[in-house]
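Colleague: Generate coordinates for the sequence data below:
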Amino acid sequence: MTAPAAPEPFTADVYAARMRHAIDEADRAGLDGILVTPGPELVWLTGYRPTAITERLTVLVLTADREPTLMVPMLERPDAEGADAAAALHFVDWADGDDPFAQARALIGGSSALGISDSAWALHLLGLQDAVPRVAFKSLTQALPMLRAVKDEAELARLDAAGAAADATYGEILGVRFAGRKETEVAADLARLLREFGHEQVDFTVVGSGPNGANPHHEAGDRTIEEGDAVVLDFGGLMHGYGSDTSRTVSVGEPSELVREVHEVVRLAQQAGVEAVAPGVACQDVDRAARRVITDAGYGEQFIHRTGHGIGTTTHEPPYMIEGETQPLVEGMCFSVEPGVYLAGRFGVRIEDIVTVTASGGRRLNTTDRSLAVVE
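Modeller: Numbering: from 1, shown residues only. Next comes the predicted model:
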């Protein structure tokens, strides 16, 4: 596979529609608007990603009573005015030595409740609270968890491309030698391949060999991979601004019977989770379907995380496939289905695909073989 051509950028009209949608959603949630600081929401709403995120306040103000306004430090205004959404924005700047919170007060002073980005610095939130003490702030994940959850066709195309690049990376890594090499060396191979197949950003390359595989978020370390190890591979990043995330577990040489048994349990659980996906199904029912298979096989206590998370302009975002999440699935939602079993001190197994909700069920964005691969 060669890296596909970059898609056409989103237009100012697309960003304007997203900002109107955000204002409408805020109103439905009982908010007067939202404040968006640098991070995934700002990228999704404007296409603007500051070259450096510093202590200087940058904030997009979205309220029903004014045009979308991006307040930026004066020295960063030229970059901000180059954003794809620039034609749909009003710009306000402030200079070093000014009080940015006083300027923000002029933009939001009439509000009583506002959503604010999860990624906002505490320094900025505290400054805003001092400037407008009667305004109640709520995190966007708490107030508008589904704001970015449903993807349009252009977003799905980017997620498809990112998934295909991750699949191509897995296909290549199966031909790499594992035995006798450090986890960090295999992780470097994964990162190189992701970039070769089109990723502009690599977010994680988990290589958990042997007992390290029993830690779901193990960072690749200096352990030398040995013959007979089960190795959890979990890798992904951003391609054209949208995420990839896939996991497979391989065996270095012939696997033990226990590794084969656990892997088959996880494979069946992952299949059950994917088959549970359909419009109107509660997120928790995807978790229940996968977890039931693992629990029935006697490994319920060794499945120690949620079954899935949303993906889009970040690799982890709502919706979450977890008990207690009653949000119904909607066509266009994209999320992981990634059950796992982790035997402390021995090994772990995880299988993960990104799935999108369609009218007829769930469609996998990762299509590589989910059987237990044997590598050298």
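
Colleague: which SS class is residue 301?
Modeller: helix (DSSP: H, G, I helix; E, B strand; the rest coil).

Colleague: Just give the nearest non-adjacent residue to the residue positioned nearest the centre of the chain, would you?
Modeller: Nearest to the mean C-alpha position of the chain, counting by Cα atoms, centre = their mean, stands residue 315 at 1.7 Å. On the basis of Cβ to Cβ, 6 or more residues apart in numbering, the spatially nearest residue to residue 315 that is not a chain neighbour turns out to be residue 243, at 4.2 Å. C-beta coordinates here come from the backbone N, C-alpha and C atoms, glycine included.

Colleague: close enough to count as contact, the one you found and residue 163?
Modeller: No. Look at residue 243 against residue 163 with Cβ atoms under 8 Å: they stay out of range, at 9.2 Å.

Colleague: residue boundaries of the helices in the stretch 251-376 of the chain?
Modeller: Along the stretch 251-376 of the chain, counting by DSSP state H, counting those that start in this stretch, helices occupy 257-275, 283-296.

Colleague: between those helices, which one is nearest to residue 50?
Modeller: If you check each of the helices of the stretch 251-376 of the chain against residue 50 by Cβ to Cβ, helix 283-296 wins as the nearest, at 32.5 Å.

Colleague: Which secondary structure state is assigned to residue 71?
Modeller: Reduced to three states with three-state DSSP, the structure at residue 71 is strand.

Colleague: Who does it form a beta bridge with?
Modeller: In this entry, residue 71 is beta-bridged to residue 59, residue 92, by DSSP bridges.

Colleague: how about it, what does it touch?
Modeller: When contacts are counted by Cβ atoms under 8 Å, 6 or more residues apart in numbering, residue 71 touches 57-61, 91-94, 100, 103-104, 107.

Colleague: Could you measure from it over to residue 304?
Modeller: 43 Å (Cβ to Cβ, to the nearest Å).

Colleague: same check, this time on residue 191
Modeller: Distance from residue 191 to residue 304, counting by Cβ to Cβ: 26 Å.

Colleague: wouldn't residue 234 be in contact with residue 350 here?
Modeller: Yes. Using Cβ under 8 Å, residue 234 is in contact with residue 350, at 6.5 Å.

Colleague: list residues touching both of these two?
Modeller: Common neighbours of residue 234 and residue 350 (Cβ under 8 Å, 6+ apart) are residue 247.

Colleague: right, and residue 187 touches residue 209 too?
Modeller: No. Judged on Cβ under 8 Å, residue 187 makes no contact with residue 209 at a distance of 10.7 Å.

Colleague: Quickly note the distance from residue 17 to residue 67.
Modeller: Residue 17 is 14 Å from residue 67, where distance means Cβ to Cβ.

Colleague: low pLDDT regions in the protein?
Modeller: Applying pLDDT under 70 to the chain picks out residues 1-4, 53.

Colleague: I'd like the domain boundaries of it, if you could list them.
Modeller: Split into domains by automatic domain parsing, the chain comes to 12-143, 153-375.

Colleague: Minimum distance to residue 5: which of those has it?
Modeller: Nearest to residue 5 among the domains of the chain is domain 153-375; the distance by Cβ to Cβ comes to 9.5 Å.
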